[in-house]
Every structure is written in structure tokens, then in C-alpha cells.
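Undergrad: just a sequence and a predicted model for now, questions to come.
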Protein chains: 2
Amino acid sequence: MHQSCLADRLGRFLHLAEPELRALAALEDTERLVPRGTMLRAEHAASREFYVVRRGWMYSSILLFDGNRQILSMHLPGEFAGEVGLAWEKAPFTITAATDTVVRVIDKAAIRGIVEDQPRIAALLLLLAQIERVTLADRLASIGRTSAKSRVAALLVDVLRRLRAGGEPVEEGIVLPLTQEEIGDATGLTAVHVNRMMRHLTDDGLIVRSNGRVRIADEARLAGIGSHVDRYAAIDLSWLPPRRGEIDDRA
Amino acid sequence: MHQSCLADRLGRFLHLAEPELRALAALEDTERLVPRGTMLRAEHAASREFYVVRRGWMYSSILLFDGNRQILSMHLPGEFAGEVGLAWEKAPFTITAATDTVVRVIDKAAIRGIVEDQPRIAALLLLLAQIERVTLADRLASIGRTSAKSRVAALLVDVLRRLRAGGEPVEEGIVLPLTQEEIGDATGLTAVHVNRMMRHLTDDGLIVRSNGRVRIADEARLAGIGSHVDRYAAIDLSWLPPRRGEIDDRA
DNA sequence: CGCGATATTGAATAACATCAAATCCTGTGG
DNA sequence: CCACAGGATTTGATGTTATTCAATATCGCG
């Protein structure tokens, strides 16, 4: 993977043309290392940039008045982080590294050029934003309307499937680099109760744990318990503009 | 308001140029009446279009395997509904009319032309998608990490402020056209518990109720209880492409 | 080895759900 | 205008789930 990370991300959805690749390659600037536990960007900090995760796990969270924290989404290798900041000068979320992380920094102002010159990329960015909305909505339904056990199951299946989509090896088990505290903040539970639910899932033979490593023993059943829907299965790209200079032969 | 509804929505954020207005006006097609309680679009139905609400309230929801429902967001007059469908051929959410409703139908394929010809509109659509994501994230934090009372308070303040932003008269109280069952589905509570929380809020003098009408008596305090943040306060438009044919004098 | 962070388990408590019954409200037909 | 039906609201009693508090065990790391 020597091309632009942004191109890697977008290339998962469609085959990018040469000019598109060149435009994307021109964007990327610095690479940044973020050690485990540190914030890449705090809520209310300036948000002049967003990120593509290259290695490691990050997550976005909101801090409430009372000090409680809600983790909103995980950012796994290959995925974006911080694009919501597009709409504000001050970041609405905190982005934290769950592991030692490497990110690429993309200047927000650069999006202007992309939108002007590469309409297909612009449409794809719009599409990606919708996918993220639905992901968030699924999590909302999980937290609002399912049991503690289901919520933990849903989280596990979600990260498993996204890691797999990103090309990571997962069948032999994954290292889940989240503390139970963090899983709790993501699922709306306490760390103590997360622990109990993980024990239940283990006792039921759905997952296998050994020093930090988690293997999903029965993905289908876990997905059932978590009411998990794989949204990436049937993305509709038919409405995107055609590649520049090509005949649009879809209609 | 004789111009395009889409233009009304987008025009809240920036001043649209003539060619942009013309491009938007060309999009709108049919107007549709949706009676209270009926679905404008069901989950898994074809999603070749999205909507701008003209009159009335709608909401999007997800149905879980066990029959439980989570209401994800309200769609108030002037707002969009169903744009998440952009990314799929089959709608991920159900859209239901909470009141008798009038919507405008916009064909999804028409977005292609807009993105190709009106980059500033494309960027604005991308920005709006981010705003919706943050709105959803705020609701997620509310449901995941606050008490039942806070969640109901947050919902009330949210709709109040959005109605106000849409130019509706709210200071004399609003008719809340949601059953307690629906409020429950939106906040992750049961209808019974919603009722008790509304009683608490009433007893505390935060809201005043009289046959279906709700007046927010103490918006600031209610917003505090609900941990409500007004995200519309400081939108950043600086990265948008300039209007066509104009000098970009912002940098 | 030993320290701090994380995980695990138990017991008591609080928050919310469930079940059930009564009341209110709205629209409809006589 | 009234009666009535059906949905929505309200309230109480009880059950369940998840939280809180507390104590112990384990892990990772210098």
C-alpha cells in the first residue's frame, strides 16, 4: 500500500481513476504517531484537519456535563476519524488512541479542491458520511433498545466485521485493545457489568478469552444476540457521477 | 416561500447564487401527503428518493429482531428525511408521519447532477450530513449515559430549538405531536416511565402541560438537565468552495 | 519483585420495566 | 347534544436489570 491512504479507503468502494488518485495523493501531508491513551484531538480544540487511521485503534467520545463519557465510534485501521469536524471550527468530539496509533493528517481546506475538481469523490464522501450515520444509528438502537448482553455482543461483532473488511486476520481471534471501562463507555454500561456480560458470553461458548485476546467462537449466534446487521453488504453506488471522460453506461 | 424547499433548507446556511437556485429548483418534483401514523417509506423498501418535510413531523426508526423499535431522529418542517438512503438501494430506516405531513420528493439520481455542477452545494450537503451525525451522536450520549429524566428533557429542548430555528413560533408553547410511546421509543424508555418523567418535569416547574400542548417554562434549566448542546451555534463554512464566478476573498 | 491499572466477584441498592387498573381525551354516529 | 369506543395517559404495585460499593485477584511492565 504505497498509494494515498485516502485512496485506499475510497478504493474499497469503487475503482478510482488516475486523475482521482493523483488528486488524492496530493492531499496527504504528515504522518503522526499517537501513543496509547493520549488524545489526538480534544473536544473544543481547533478542528482544521481530519485523519485516516493507518495502524491501531482510536475512538471518538463525548464528555457530558457530569463527567460521564460516551464513546461514539471506533476508528479502525483504514477508516476515517474526525470528519465530523468538517462542520465546526471546534471539534465536537474527543479522539483518543486506544492503542499506539499511526494516523495521516488531512487538511480540511483541501476538501474544497476535491469537491470542485472530483465530483465522484465528493459524492463518495457524501455516501461514506451516510454509512457512518447508519452505523451510529445501529449503535443507538443497540443501546436504546437491547439488553446489556446484546450490546456487548453487538460491539464485538461490529469490530470483528470491520477489521475483516479492512483486511486484518481475525479468524484466529483478535486482540481487543479496549478496557472493560472503555467497552462500558461505548455500550452505555458500567465496567463491572461489562465484565459480567463477557463472562456470560464466555460461559455460553460464544467467545473465548485468554489474556486479552478474544476469539469469536460463534459469530452468527453472536450477531443474532446483538441484532447486528451488516450494512456494508449492499452499498448503492449507482447514483454516483461517472468517472471523468467516460461514457456513463449505467442508465 | 415560493422557491425550492431544498433551497430553503440550504439557504439557512449560506446565501445561494442564482445558478445554484436554478439547479435546485429543477430537482423538485412531486409533493406528497402523508397522513398521521402512516409510513412514508418502510425499512427494506426501495430508496430511490429522499424528502424535504414541508409541514408536520416525521421520524425515522429501526425495527429490531425482537420487535422493539428505536426512533433515531425527528424530521421537522424544513428538514431532510431519508438521505441516508443515498447509500443503499433498500432503505435502512422506516420513515413514519407523526402528524399529517406534506413532503417534497427528490430523486436520488438527481444528486449526481448537483454534485457535478454545483460543488458548493455538494460541500454543503456533506456538511449537513456531518451535522446530522453529531445530532445522532448527542442523542446516543443522552441515551447511553444519562438518566431517564435527562433524556426526556434533552428531547424536548432539541425539538424546541429546531422548531425555533425553522421559524416556527414556540415561545407560547408547542403542540408535541408525539405519544408517550413514541417518546419512549426515541429515548430508550417505556411509555410508562416517560409519563413519570414528564410528571417530574412538570412538578419541578420546568414544563407546563395542558391537553397535549407543552410549554417549556425554563429552557435553560431543561437544557442543563438534558446536557443539551446547541450545535447550530457555530457552523464552519470557511472551507466551502467559493460561489462560481466569484473571487474567493475569505482567505 | 512490586506497583498501578485492570479484571473479577459478591452483596446491597437504585433505576427502570412490567403488569394491571382507572381515567381522560377525541372523534364518530346516532 | 349525547353516548360510546378506542387510543392515550396516569398511577400503583411488583419484578428485573443494571449500578454502586467493596474486596480480592490478576496482568503488564519497569
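TA: That came in fine, so what should we check first?

Undergrad: got any ranges where chain A has weak pLDDT?
TA: A:1-3, A:244-251 (pLDDT under 70).

Undergrad: what sits opposite the spatially most central residue of it in the beta ladder?
TA: When CA atoms, centre = their mean is applied to chain A, the residue found nearest the centroid is A:His75 (3.5 Å). Beta-bridge pairing for A:His75 (DSSP bridges): A:Met58.

Undergrad: how about it, what does it touch?
TA: The neighbourhood of A:His75, defined by CB atoms under 8 Å, 6 or more residues apart in numbering or on different chains, consists of A:Tyr51, A:Val53, A:Trp57, A:Met58, A:Tyr59, A:Ser60, A:Ala81, A:Ile95. C-beta: built from backbone N, CA, C; applies to glycine.

Undergrad: and for A:Leu72?
TA: A:Tyr59, A:Ser60, A:Ser61, A:Ile62, A:Phe93, A:Leu136, A:Arg139, B:Ala137, B:Leu140, B:Ala141.

Undergrad: now, of those, which are buried?
TA: Buried members of the contacts of A:Leu72, counted by 16 or more other CB atoms under 10 Å in any protein chain shown: A:Tyr59, A:Ser60, A:Ser61, A:Ile62, A:Phe93, A:Leu136, A:Arg139, B:Ala137, B:Leu140, B:Ala141.

Undergrad: with distance to DNA strand C added, can I get the residues you listed in a markdown table?
TA: Output for the buried ones among the contacts of A:Leu72, formatted as a markdown table (distance: CB to the nearest atom of the strand, whole Å):
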| residue | distance to DNA strand C |
| --- | --- |
| A:Tyr59 | 14 |
| A:Ser60 | 18 |
| A:Ser61 | 15 |
| A:Ile62 | 18 |
| A:Phe93 | 20 |
| A:Leu136 | 21 |
| A:Arg139 | 18 |
| B:Ala137 | 20 |
| B:Leu140 | 15 |
| B:Ala141 | 14 |
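
Undergrad: give me the domain ranges for chain A.
TA: Following automatic domain parsing, one finds the domains of chain A at A:5-138, A:148-226.

Undergrad: now, of these, which is deepest in the fold?
TA: Of all these, domain A:5-138 carries the top mean neighbour count, a mean of 19, counting by mean count of other CB atoms under 10 Å in any protein chain shown.

Undergrad: quick check, that domain touching DNA strand D?
TA: No - contact of domain A:5-138 with DNA strand D (CB under 7 Å from any atom of the strand) is absent, the minimum separation being 8.6 Å.

Undergrad: return the distance of that domain from the chain's centre.
TA: Taking CA atoms, centre = their mean, to the nearest Å, one finds domain A:5-138 lying 9 Å from the centre of the chain it belongs to.

Undergrad: what strand or helix carries whichever residue of chain A sits closest to DNA strand D?
TA: At 3.0 Å from DNA strand D, A:His193 is the closest residue in chain A, using CB to the nearest atom of the strand. Per DSSP states H and E: A:His193 is located in helix A:191-203.

Undergrad: return the list of helices and strands in contact with that helix.
TA: helix A:148-165, helix A:180-187, strand A:207-210 (3 or more CB pairs under 8 Å, 6 or more residues apart in numbering or on different chains; DSSP states H and E).

Undergrad: same thing but 6 Å
TA: helix A:148-165, helix A:180-187 (3 or more CB pairs under 6 Å, 6 or more residues apart in numbering or on different chains; DSSP states H and E).

Undergrad: and the angle for it with helix A:148-165?
TA: 70 degrees (axes from the mean of the first three to the mean of the last three CA atoms, to 10 degrees).

Undergrad: that older thread, now the buried ones among the contacts of A:Leu72 as a markdown table including secondary structure?
TA: As requested, the buried ones among the contacts of A:Leu72 are exported to a markdown table (DSSP: H, G, I helix; E, B strand; the rest coil):
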| residue | secondary structure |
| --- | --- |
| A:Tyr59 | strand |
| A:Ser60 | strand |
| A:Ser61 | strand |
| A:Ile62 | strand |
| A:Phe93 | coil |
| A:Leu136 | helix |
| A:Arg139 | helix |
| B:Ala137 | helix |
| B:Leu140 | helix |
| B:Ala141 | helix |
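
Undergrad: how much space separates the closest residue in space to A:Gly85 that isn't next to it in sequence from B:Asp236?
TA: Ranked by CB to CB, 6 or more residues apart in numbering or on different chains and with sequence neighbours excluded, the top spatial neighbour of A:Gly85 is A:Ser47, at 3.1 Å. To B:Asp236, A:Ser47 is 8 Å away according to CB to CB, to the nearest Å.

Undergrad: how about A:Gly224?
TA: 42 Å.

Undergrad: what do you get for A:Gly166?
TA: From A:Gly166 to B:Asp236 the distance is 30 Å (CB to CB).

Undergrad: how about A:Val157?
TA: 35 Å.

Undergrad: which residues of chain A lie near DNA strand C?
TA: Close to DNA strand C, as judged by CB under 7 Å from any atom of the strand, chain A has residues A:Thr179, A:Gln180, A:Glu181, A:Ala191, A:Val192, A:Asn195, A:Arg196, A:Met198, A:Arg199, A:Arg209.

Undergrad: could you redo the last one with a cut-off of 6 Å?
TA: Contact residues, chain A versus DNA strand C (CB under 6 Å from any atom of the strand): A:Thr179, A:Gln180, A:Glu181, A:Ala191, A:Val192, A:Asn195, A:Arg196, A:Met198, A:Arg199.

Undergrad: ok, those vs B:Leu21, which is closest?
TA: The closest of those to B:Leu21 turns out to be A:Glu181 (CB to CB; 51.4 Å).

Undergrad: residues touching the spatially closest residue to A:Gly226 that is not a sequence neighbour, list them.
TA: Leaving aside its chain neighbours, A:Gly226 sits nearest to A:Ala154 (3.1 Å; criterion: CB to CB, 6+ apart). The contact partners of A:Ala154, taken as CB atoms under 6 Å, 6 or more residues apart in numbering or on different chains, are A:Ser142, A:Gly226, A:His228.

Undergrad: show me where chain A has its helices.
TA: A:5-11, A:18-25, A:110-117, A:119-145, A:148-165, A:180-187, A:191-203, A:219-225 (DSSP state H).

Undergrad: re earlier: specify the angle between the helix holding A:His193 and helix A:180-187 in degrees.
TA: Using the same axes, to 10 degrees: helix A:191-203 against helix A:180-187 is 90 degrees.

Undergrad: was I right to think the residue nearest to A:Gly85 contacts A:Pro92?
TA: No - assessed by CB atoms under 6 Å, A:Ser47 is found out of contact with A:Pro92, at 8.1 Å.
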